[in-house]
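Enquirer: Quick one, what's the 3D model for this:
(chains A and B)
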There are 2 protein chains.
Amino acid sequence: MTQSAQQSEICDDSLLKFEVPEIIHGHGALSKIGQCAKRLGGECVLVVTDPGIIEVGWLDETLKYLEKEDLKYVVYDNVVTNPRDFQVEEGVGLYLAKKCDVIVAVGGGSPIDTAKGIAILASNHGCISDYEGCNQVVHPIPPMVCAPTTAGTGADVTQFAVITNSQRKMKMTILSRAIMPDISLVDPLVLQTKSPELIAATGMDTFTHALEAYVSSLSWPLTDPHAIHSIELVAKHLVNAFRYRTIESLEGMSIASLEAGIAFSNAILGAVHALAHPVGGLYDIHHGIANSILLPAVVRENLEHSIEKYAQVTAAMGVDTSKMTSRQAAYRLLEEIENLTADLGLPAKFSSLGIGPDDIPLMAGLAQQDICMLTNPCRYELEEIEQLYREAL
Amino acid sequence: MTQSAQQSEICDDSLLKFEVPEIIHGHGALSKIGQCAKRLGGECVLVVTDPGIIEVGWLDETLKYLEKEDLKYVVYDNVVTNPRDFQVEEGVGLYLAKKCDVIVAVGGGSPIDTAKGIAILASNHGCISDYEGCNQVVHPIPPMVCAPTTAGTGADVTQFAVITNSQRKMKMTILSRAIMPDISLVDPLVLQTKSPELIAATGMDTFTHALEAYVSSLSWPLTDPHAIHSIELVAKHLVNAFRYRTIESLEGMSIASLEAGIAFSNAILGAVHALAHPVGGLYDIHHGIANSILLPAVVRENLEHSIEKYAQVTAAMGVDTSKMTSRQAAYRLLEEIENLTADLGLPAKFSSLGIGPDDIPLMAGLAQQDICMLTNPCRYELEEIEQLYREAL
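Expert: The predicted model follows:
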């Protein structure tokens, strides 16, 4: 699919869209997972999760609630960060062999995206790479319930899935209304088992989602209130969640992640994500960390194209901007981002992760073709993208 | 169903819920109505509308788009303000006789609520009064697309329907997740045919939805951003829409109505609605006008129970509250509401509409039992409700 065809798929006839799954939020929301799977007509559940979730006990908890509703189940847990195409194929094999009829994803973005990939192939067949791009998924997917455990990805409420093509070593973005899950069960208690490092990385993922959705060329009055409120919540809760893991801060981050997800699923994203995807595909580093490192360079490049909105983001982060011009307030955001990532102990540059300049031309080419580039506040030439990568080295 | 059973249905186990239909917004959104009905699997459409909509041409426009998709259709247009139970029964008779399989509602709250009533009976059978109260609708309704034409009701995005019991002369509130429409097509161009009086009355309905949802005991961080943004939009656009019908102001009100609907469908309402329903049932006056007249008395009674939130509402209405205490800002809201209704030329009291004190005891009894009373920021004794009605006379 060409980029201009994708553009018209995303922005056809200037109508704006808003779609959100059913959301159930609160302490103990996970306990509804059996009832929800049953309400969607399920009798045999494919549970998609990963070894980390099993280790901290959330799979056992989930299975208990499925058993309580007399549901049969089978578990697919061979999921890694930046999930691969062959894992999706393994999972759909299991789904079909066991005659499953509903999918439950318990975990962060990786199990949820894997589950979406499995759901696509279960009803649309073929290879997952057939569905890369916009609205390539034609047939409705099986019923799907998500229980997100990271407060970062937002994948539980979005029409996005990102799967790594293991041969080409690149991330494929799948953007289709058809892959929105049916129900998201957001339980802040589940976040208590996250490590501080994971809280920091996924929190910066949430922040990037909210920020890119807010300045996106497809943002609109139904997405903006969620994006800006998500930024307020991140500014208020992320550092506390990282340092102290208080229930209040984890709850705040669970809502920040939800709202960022609602905003970006409908307003799409921007250049940070376009540039982060090739890094994740080639070097397999955590998506939230890739976003966090690329953020300052992209924001600096974008600022002049959306001064008012960036100024509003600075204010939402708690800075008193009343005596600043909009431009001053917008530029102040760079300092705020730097302080936030420093407080979270996140790497500021790719070089500290062993990434050098060799792959920049390859990554820049891929980034320029990424769907997320279409809704960035401004267009970049190839050399500008290369320069952004160099700034982040 | 007892009130305590309703209470537990609304607020079971302290989990909070958020559900929104698919929304398509923008100039020309109405033109998608055939495609949407078809996408939901429809072949024969029941179109529910009213004579006012037919007169201004929106039915013809709708039918053109249905024909373009080769859909068969039948029209039910015997709908009035405060729609009646027997109209729902007439409509479902037509739906079943013509073997329809999808419902399209074009109009304000009355056609949309009638369509919801028809949808309930089409798949759940019995009488519409069987479904009064919370979550009494068990079976999924037929696919349903709404094209709201009033920017007031929010019914296109809510799980509420209000139908008048013609024998008992009272409004029945039906609140069920199952009655949420599938798709709402929000086209600001459609609002251009509204009369100034209708803009004023439905605009105050929107304002009341947003305000009651914001201070509701079930409001939460996913509903609050929509409620407060809706209030900002009403303060900015309603008087301009009433006076000049500019496209910008109508567009602002179309979003205000949407966001108020999203907020109140998930956070429920309060005492203004509880008191307005009996007035509408007995005297058949426009719901937006009943809300508008009752608003000042109820807000005055509620203020002390939610000072901070009422203060935030005053600020959202554009008042500089930075030098006020929260209590001062909250009380200032009474003045703002008075100014707004005066600017819109709306009646300030029921007596100007020929309503006297005789039915107050009857209405107070009904209001106390109304579902919407459950989420008001405070509880009222029967005498307090009677006093509120007297203040509004």
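Enquirer: And the residue of the stretch 201-350 of chain A that's closest to chain B?
Expert: The stretch 201-350 of chain A approaches chain B most closely through A:Pro225 (3.7 Å), counting by CB to the nearest CB. Backbone N, C-alpha and C define where each C-beta goes, glycine included.
Enquirer: Phi and psi next, for A:Val20.
Expert: Note on A:Val20: backbone dihedrals following degrees, to the nearest 10 are phi -140, psi 140.
Enquirer: Remind me which helix or strand the residue of the stretch 201-350 of chain A closest to chain B belongs to.
Expert: In this structure, A:Pro225 is located in helix A:224-244 according to DSSP states H and E.
Enquirer: quick one on the thing from earlier: pretty sure the residue of the stretch 201-350 of chain A closest to chain B is touching B:Ala227, no?
Expert: No: contact between A:Pro225 and B:Ala227 fails when scored by CB atoms under 8 Å: they sit 9.4 Å apart.
Enquirer: Where do the helices of the stretch 1-150 of chain A begin and end?
Expert: Secondary structure of the stretch 1-150 of chain A (DSSP state H, counting those that start in this stretch): helices at A:3-10, A:33-39, A:51-55, A:58-68, A:85-97, A:109-124.
Enquirer: okay if I get those as a markdown table plus mean pLDDT, mean neighbour count and distance to A:Glu308?
Expert: Written out in a markdown table, the entries for the helices of the stretch 1-150 of chain A read as follows (pLDDT from 0 to 100; neighbours: other CB atoms under 10 Å in any protein chain shown; distance: least, CB to CB, whole Å):
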| stretch | mean pLDDT | mean neighbour count | distance to A:Glu308 |
| --- | --- | --- | --- |
| helix A:3-10 | 59 | 14 | 23 |
| helix A:33-39 | 97 | 23 | 41 |
| helix A:51-55 | 96 | 17 | 41 |
| helix A:58-68 | 98 | 17 | 42 |
| helix A:85-97 | 97 | 19 | 41 |
| helix A:109-124 | 97 | 27 | 31 |
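Enquirer: Out of those, which gets nearest to A:Glu304?
Expert: When the helices of the stretch 1-150 of chain A are ranked by distance to A:Glu304, counting by CB to CB, first place goes to helix A:3-10 at 22.8 Å.
Enquirer: residues in contact with the residue of the stretch 51-200 of chain A found nearest chain B?
Expert: Of all residues in the stretch 51-200 of chain A, A:Arg177 sits closest to chain B, at 8.0 Å by CB to the nearest CB. By CB atoms under 8 Å, 6 or more residues apart in numbering or on different chains, the residues touching A:Arg177 are A:Lys17, A:Glu19, A:Asn135, A:Gln159.
Enquirer: can you count the residues close to the residue of the stretch 201-350 of chain A closest to chain B?
Expert: For A:Pro225, the neighbour count with other CB atoms under 10 Å in any protein chain shown is 22.
Enquirer: Just list the residues touching the closest residue to it other than its chain neighbours, thanks.
Expert: On the basis of CB to CB, 6 or more residues apart in numbering or on different chains, the spatially nearest residue to A:Pro225 that is not a chain neighbour turns out to be B:Pro225, at 3.7 Å. Contacts here follow CB under 8 Å, 6+ apart; on that basis B:Pro225 touches A:Pro225, A:His226, A:Ile228, A:His229, A:Glu259.
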